[in-house]
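S.K.: Give me a model of this one.
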Amino acid sequence: MKSLKRIGMVLAVGLTSILGSVPTAYAAVVNIPGSICQPDIPSEAVNTNYEISRITNNGPSSLSLICPLVRTNTDSDGGTVYVDVEHFGNQSTACSVSSFDFNGKFLGSAVGTFNGSGFKEIAMNMNGQGKSSFWSRYTVKCTIPGNKLGGILGIIISD
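M.R.: You can find the predicted model right below:
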């Protein structure tokens, strides 16, 4: 009888330790396609080009985009938001990320830019006192170049 109890306890502890833990390196990274972004001004949607996982701008001038993000980690310390951008030729993309509490209260923001050609991951740090809360949500706003010379490939949240 004692041996059956012992086996049951060992199994319970073993299963709990295996199933109950997820490495933090994997639990809080979210990769979102750039095609989730929308024009800040709805009437500019005619210039927006949605591809499988990216968004570009067909219009002749720059386009402002809003990208809603879902955080999977409710850590109040916040995290880092990375915007994957691609440019064809010497172009400019500027982004910001803002954090809002559950009641809509603005908590903080960070900015980043990419001037140049090729691929760049724009990193914006939302770590620190007061920039995030247990229930905060993030919104990214970026301005991308026109004439389909640049776009947002994806957004990564690591928190």
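S.K.: going forward, measure contacts between C-alpha atoms and count neighbours the same way
M.R.: Will do.
S.K.: residues contacting C67?
M.R.: By C-alpha atoms under 8 Å, 6 or more residues apart in numbering, C67 lies in contact with I36, C37, Q38, T139, V140, K141.
S.K.: need the helices for the protein, in chain order.
M.R.: Across the chain, reading from the start of the chain, the helices by DSSP state H fall at 2-19, 24-27.
S.K.: looking at the ones you listed, which one has the lowest mean pLDDT?
M.R.: Per-stretch mean pLDDT for the helices of the chain is lowest at helix 2-19 (a mean of 41).
S.K.: pLDDT below threshold where in this structure?
M.R.: Where the chain drops to pLDDT under 70, the residues are 1-27, 74-75.
S.K.: residue ranges of the strands in it, please?
M.R.: Secondary structure of the chain (DSSP state E): strands located at 29-33, 38-39, 48-50, 55-57, 63-68, 80-100, 106-125, 137-144, 150-158.
S.K.: Same question for the fifth one: list its buried residues.
M.R.: Right, strand 63-68. L63, S64, L65, I66, C67 (16 or more other C-alpha atoms under 10 Å).
S.K.: if I look at the first one, how far off is E44?
M.R.: The span separating L63 from E44 equals 8 Å under the rule C-alpha to C-alpha, to the nearest Å.
S.K.: And D101, by the same measure?
M.R.: Here the distance between D101 and E44 works out to 29 Å (C-alpha to C-alpha).
S.K.: Then R71?
M.R.: Counting by C-alpha to C-alpha, the separation of R71 from E44 is 28 Å.
S.K.: Who has more neighbours out of these two?
M.R.: When R71 is set against E44 and neighbours are counted by other C-alpha atoms under 10 Å, the residue ahead is R71, at 18 against 15.
S.K.: The more buried one touches I157, doesn't it?
M.R.: Yes: the pair R71 and I157 passes the contact test of C-alpha atoms under 8 Å, sitting 7.3 Å apart.
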